[in-house]
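J.: Sequence and predicted model, in that order:
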Amino acid sequence: MSVDAGNRKAVFITGAASGIGLAAAKRFAAEGWFVGLSDIDTPGLKAALAAIGPDNGSVHRLDVRDRSAWTAVLADFAKVTKGRLDLLLNNAGIARFGPFESHDDANIDLQLDINIKGVISGARAALPWLKATPGSRLVNISSCAGLYGSPGLAVYSATKFAVRGLSEALDVEFAPQGVSVACVMPWFVETPILNASQPGSNANMSDALKAGGLPVYPVEDAAEVIWRAAHGKDLHYFVGKRAKQMRFATSHMPGAVRKQLRSRPPLAT
């Protein structure tokens, strides 16, 4: 590669071919960072690189469930950046929408493997590179579903609680090693994840949100919050006004939240 990426700040992003990951990649590239784009979507990665500019990043096919692949891919990225990793953005995630009893083992395992195990594997594999880069930061994408259990998204919600808990623990553990941690918790954002369908039905999350009159925020809002999280010192960051309201309600009025959830259709929080 002709670009001397070693003289630029470096971020490695999972799930970078679309949605929040791609929006974040564009934001960081626009600010002069070198971006490692990773995903299982190879054509999407090529399009993402074209979108941020070929001199502003590198593409890496990565299935976040593969622990050994994590190590190899980050080593390849480090060769380009001369060992620099200022930020790991653990963004890749999936959701399956519908009643808990409607999900089969495969869909449950897929959410657990990508949303929890993938984030853990990323944090473990990236730590040596983060430790070697002064002022580095680990940013994990959780969700408002990690604030209070979301009906219709029970397993997804459980995984996002796990990401939140992991982030809070690692923020303490990694601090003596010079690595800080942030947990970004978006409200619903306009990404392909909203197209997740309920098993045995044509209904999807986007339909349920519209039926409930709930807001959906643009991916650019999430990218802006991630940018702030990359440079801030706080642990928790929230995307969207509704996310901040949910944070307050779950902290101060959990009983009211529970009552509201029970009185509305799934996802109509």
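T.: Arrived safely.

J.: Helices of the stretch 51-200 of the chain, residue ranges please.
T.: 67-81, 105-111, 118-131, 154-174 (DSSP state H, counting those that start in this stretch).

J.: Could you measure from Thr171 over to Val35?
T.: Just to correct that, residue 171 is Asp rather than Thr. For Asp171, the distance to Val35 equals 24 Å [Cβ to Cβ, to the nearest Å]. Where C-beta positions appear, they are placed from N, C-alpha and C, glycine not excepted.

J.: Please identify which of the two sits among more neighbours.
T.: Between Asp171 and Val35, counted using other Cβ atoms under 10 Å, the more crowded position is Val35 (30 against 19).

J.: Which strands or helices does the helix or strand hosting the more buried one pack on?
T.: Here Val35, judged by DSSP states H and E, is contained in strand 34-39. Strand 34-39 sits against strand 10-14, helix 19-30, helix 42-52, strand 57-61, helix 67-81, with contacts defined as 3 or more Cβ pairs under 8 Å, 6 or more residues apart in numbering; DSSP states H and E.

J.: same thing but at 10 Å, please
T.: For strand 34-39, the elements it packs on are strand 10-14, helix 19-30, helix 42-52, strand 57-61, helix 67-81, strand 87-90, judged by 3 or more Cβ pairs under 10 Å, 6 or more residues apart in numbering; DSSP states H and E.

J.: partners of the shortest one in the sheet?
T.: This points to strand 87-90. Strand 87-90 has the following strand partners under DSSP bridges: strand 10-14 (parallel), strand 137-141 (parallel).

J.: Quick check: which of the ones you listed is nearest to Val181?
T.: Counting by Cβ to Cβ, Val181 lies closest to strand 137-141 out of these; the figure is 4.8 Å.

J.: next one: phi and psi at Tyr237?
T.: Here is the backbone geometry of Tyr237 (degrees, to the nearest 10): phi -130, psi 140.

J.: and the gap between the most centrally placed residue in the chain and Ile108?
T.: Computing the C-alpha centroid of the chain and ranking residues by Cα atoms, centre = their mean puts Asn91 first, at 2.5 Å. In this structure, Asn91 and Ile108 are 21 Å apart, going by Cβ to Cβ.

J.: The residue nearest to the centre of the chain against Ala16, yeah?
T.: Yes: counting by Cβ atoms under 10 Å, Asn91 touches Ala16, with 7.3 Å between them.

J.: what touches both of these two?
T.: Common contacts of Asn91 and Ala16 (Cβ atoms under 10 Å, 6 or more residues apart in numbering): 22-25, 38-39.

J.: could you dump those residues to a markdown table with pLDDT and distance to Glu224?
T.: Shown next, in a markdown table, are the shared contacts of Asn91 and Ala16 (pLDDT from 0 to 100; distance: Cβ to Cβ, whole Å):
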| residue | pLDDT | distance to Glu224 |
| --- | --- | --- |
| Leu22 | 97 | 14 |
| Ala23 | 97 | 9 |
| Ala24 | 98 | 9 |
| Ala25 | 98 | 13 |
| Ser38 | 98 | 21 |
| Asp39 | 98 | 21 |
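
J.: Please spell out the ChimeraX selection for the buried subset of these.
T.: Buried residues among those (16 or more other Cβ atoms under 10 Å), as a ChimeraX selection:
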select :22,23,24,25,38,39
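
J.: Confirm for me that Ala47 is in contact with Leu22.
T.: Yes: counting by Cβ under 10 Å, Ala47 touches Leu22, with 8.7 Å between them.

J.: Between the two, which contacts overlap?
T.: Both Ala47 and Leu22 are contacted by Leu37, under the criterion Cβ under 10 Å, 6+ apart.

J.: Listing request: residues of the stretch 1-150 of the chain with sub-threshold pLDDT.
T.: Scanning the stretch 1-150 of the chain for pLDDT under 70 picks out the ranges 1-4, 6.

J.: hmm, 80 instead?
T.: Applying pLDDT under 80 to the stretch 1-150 of the chain flags residues 1-6.
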